[in-house]
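[1] Next come a sequence and a model predicted from it.
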Amino acid sequence: MIEKSSLILTGGSGLLATNWFYSKLNDYKFYLGLNERQIQPQDCNVLFLDYSSESSLIKQLEIIRPSILIHTAGITSVEKCEKNPELAYQIYVELSNIVANATKKLGIQLVHISTDHLFEGNAALLSEEEPVKAINVYGKTKALAEQIVSFNDPGALIIRTNFYAWGTSYRKSFSDQIIDSLRQNQVLNLFDDVYYNPILAENLIKTVHELLNKNARGIYHVVSDDRISKYEFGVLIAEEFGLNKSLINKSTLKSQSNLVNRPADMSLSNKKVRDLLGRNLGTVKQHIEQLCRQESEEKTKQIQLL
Ligand SMILES: NC(=O)c1ccc[n+]([C@@H]2O[C@H](COP(=O)([O-])OP(=O)(O)OC[C@H]3O[C@@H](n4cnc5c(N)ncnc54)[C@H](OP(=O)(O)O)[C@@H]3O)[C@@H](O)[C@H]2O)c1
């Protein structure tokens, strides 16, 4: 029997990492790199990663010898990053610096998960060529992380994205929050002036592995094919799941004065990926239909039990 190659994820307890494990568990020997929260999915290796120095991380990776490292660790709350800029800098810039030095030295393929939060937000469907201009601490530290990763490990694949999926008991995704609220007949306010093109995590993961198979390196936008507002995203979910869409109110970002400054348009062009792979990545509606089908799958139940 051919032994599976090993794949390790930083941020192993997070939304993306847990979905990665359950999407690809047949193809790789998995290691989830944990920070504080301990989880133990069945048939998965877990370990606490030591990022205190490059040599300590290298020692751990030398034992595992992964062929791929997916770097997902982070603080995803824009508000928390703004309030704790040193912490955001530490996790996004310093930690990415250590990770990318280690992968370069050990010849491990690095996949760095970036964001769609890197621009001012006054233009739609931006390409990978567009100069980055982040407007808050989260975006600025994610932008610095991209620079440091491409400098330290030029072979890294850097993925700009925005995703959703069925989440764990302790980490609900945006789609979980919408579905849970509507199922409890709660009113929801969603921005109708904030645009993006979110992708279902399962499709993001599949696309990343296809890009790796094509030896893609550098920055790629892995998002769905069409741009919608957060309000429209909520309405599509309500329609697909047979929930009451009249519970969703339109609200606006521009009327919120107490929120951290954030881009109103985060949509990215995925043309570079479509050209390389020779296929579309799917519309938001198609992905939500897939999310709905996933609810009855065994892997979704396993994720929700974590
Ligand atoms: N969620 C989205 O829609 C979205 C959109 C665009 C980009 N992204 C990017 O995608 C990546 C993954 O997002 P996610 O939603 O899966 O994140 P998540 O669910 O919030 O998980 C974050 C992970 O990072 C770990 N972590 C937090 N602080 C850490 C530290 N100081 N050192 C090491 N690990 C630490 C957490 O572990 P503990 O809980 O144990 O600390 C957790 O495993 C992030 O880099 C994010 O910027 C996410």
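    Noted; the coordinates are in hand.

[2] okay, now Y220: neighbour count?
    Under the neighbour criterion other C-beta atoms under 10 Å, Y220 is assigned a count of 23. Quick note: C-beta positions are derived from backbone N, CA and C, even for glycine.

[3] Next, count neighbours for K59.
    12.

[4] Show the contacting residues for the nearest residue to it once chain neighbours are set aside.
    Leaving aside its sequence neighbours, K59 sits nearest to D50 (C-beta to C-beta, 6 or more residues apart in numbering; 8.0 Å). Residues in contact with D50 (C-beta atoms under 8 Å, 6 or more residues apart in numbering) are 56-57, 59-60.

[5] so what's the residue in the stretch 101-250 of the chain that the ligand sits nearest to up against?
    Nearest to the ligand in the stretch 101-250 of the chain, going by C-beta to the nearest ligand atom, is T115, at a distance of 3.8 Å. Residues in contact with T115 (C-beta under 8 Å, 6+ apart) are 138-139, 142, 160-162.

[6] What separation is there between it and G234?
    Going from T115 to G234 by C-beta to C-beta, to the nearest Å gives 21 Å.

[7] now Y164
    11 Å.

[8] Which one of these two is surrounded by more residues?
    Taking neighbours as other C-beta under 10 Å, Y164 and G234 compare with G234 leading, 29 against 24.

[9] Surely that one is in contact with S181?
    No - using C-beta atoms under 8 Å, G234 is not in contact with S181; the gap is 9.1 Å.

[10] Quick one: residues in contact with stretch 283-291.
    For stretch 283-291, using C-beta under 8 Å, 6+ apart, the contacting residues are 164-166, 175, 197-200, 202-203, 224-226, 228, 233, 236-237, 240, 282.

[11] Show me the residues you listed that map onto helices.
    175, 202-203, 233, 236-237, 240 (DSSP state H).

[12] Contacting the ligand as well, which ones from these?
    The subset of those within reach of the ligand, by C-beta under 6 Å from any ligand atom, is empty.

[13] Filter those down to the buried ones, ChimeraX style.
    Only the buried entries of those go into this ChimeraX selection, using 16 or more other C-beta atoms under 10 Å:
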select :175,202,203,233,236,237,240
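
[14] my guess is L253 meets V194, correct?
    Yes - using C-beta under 8 Å, L253 is in contact with V194, at 5.1 Å.

[15] Let me know the closest of the contacts of T115 to A73.
    Checking these against A73 with C-beta to C-beta, the nearest one is K142 at 12.1 Å.

[16] which residues are contacting the host helix or strand of the closest one?
    According to DSSP states H and E, K142 maps onto helix 137-152. If you take C-beta under 8 Å, 6+ apart as the criterion, helix 137-152 is touched by 71, 74-75, 77-78, 81-82, 85, 88-89, 91-93, 96-97, 99-101, 104, 110, 112, 114-115, 117-119, 132, 134, 156, 158, 218-219, 260, 263.
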